[in-house]
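J.: coordinates only, no sequence provided:
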């Protein structure tokens with residue numbers, strides 16, 4: 001199931017800014033970019049949200065759109081069930097790297113959680129946050 005409308009990241013200018021200015025957290029199969037939200041960029045009429053996320057799966061990951069869409073749905077469902085909890089409105093961009101199809105779904109989702117913890121957007125299993133919690 002797809003992310004709710006309020007959590008979807010849209011717009012070429014938003015993606016371009018994330019690619020240029022987003023803070024990068026890199027794993028072996030994923031790349032997470034995080035940037036503070038700019039309320040002037042999303043199209044007017046979009047509902048406010050504490051976070052918005054986009055999932056990028058290029059044709060280098062798989063030439064078959066069915067496989068790329070399955071991966072995108074997998075991450076949308078995971079984020080819907082375990083949403084990040086930022087202290088300020090953020091934009092997130094998860095990019096899947098070529099070769100990630102050889103890994104299991106659990107490995108990919110585990111790596112996603114690990115990157116979100118590094119960014120301070122998920123609590124560690126021990127109840128401690130990531131970077132943002134340490135800074136406070």
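T.: Happy to help now that I have it. Every value quoted in this text rests on a predicted model; they were computed, and no experiment measured them.

J.: against which helices or strands is the longest helix along the chain packed?
T.: With secondary structure taken from DSSP state H, the chain has its longest helix at helix 65-81. Helices and strands touching helix 65-81, by 3 or more CB pairs under 8 Å, 6 or more residues apart in numbering; DSSP states H and E, are strand 51-57, helix 105-118. All C-beta atoms are positioned from the backbone trio N, CA, C, and that covers glycine.

J.: tell me what the first one is packed against?
T.: Using 3+ CB pairs under 8 Å, 6+ apart, the elements in contact with strand 51-57 are helix 12-21, helix 65-81, strand 90-96.

J.: low-confidence regions, this protein specifically.
T.: The chain contains residues with pLDDT under 70 at 1, 42-44, 124-136.

J.: follow-up on the earlier one: list the buried ones in the longest helix of the chain?
T.: Residues of helix 65-81 classed as buried: 68, 71-72, 74-76, 78-79 (neighbour count, 16 or more other CB atoms under 10 Å).

J.: of those, closest to residue 109?
T.: Relative to residue 109, the closest of the buried residues of helix 65-81 is residue 78; by CB to CB it sits at 5.1 Å.

J.: re the thing from before, okay, the helices and strands packed on helix 65-81 in CSV with distance to residue 37 and mean neighbour count next?
T.: Below are the helices and strands packed on helix 65-81 laid out as CSV (distance: least, CB to CB, whole Å; neighbours: other CB atoms under 10 Å):
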stretch, distance to residue 37, mean neighbour count
strand 51-57, 7, 20
helix 105-118, 16, 17
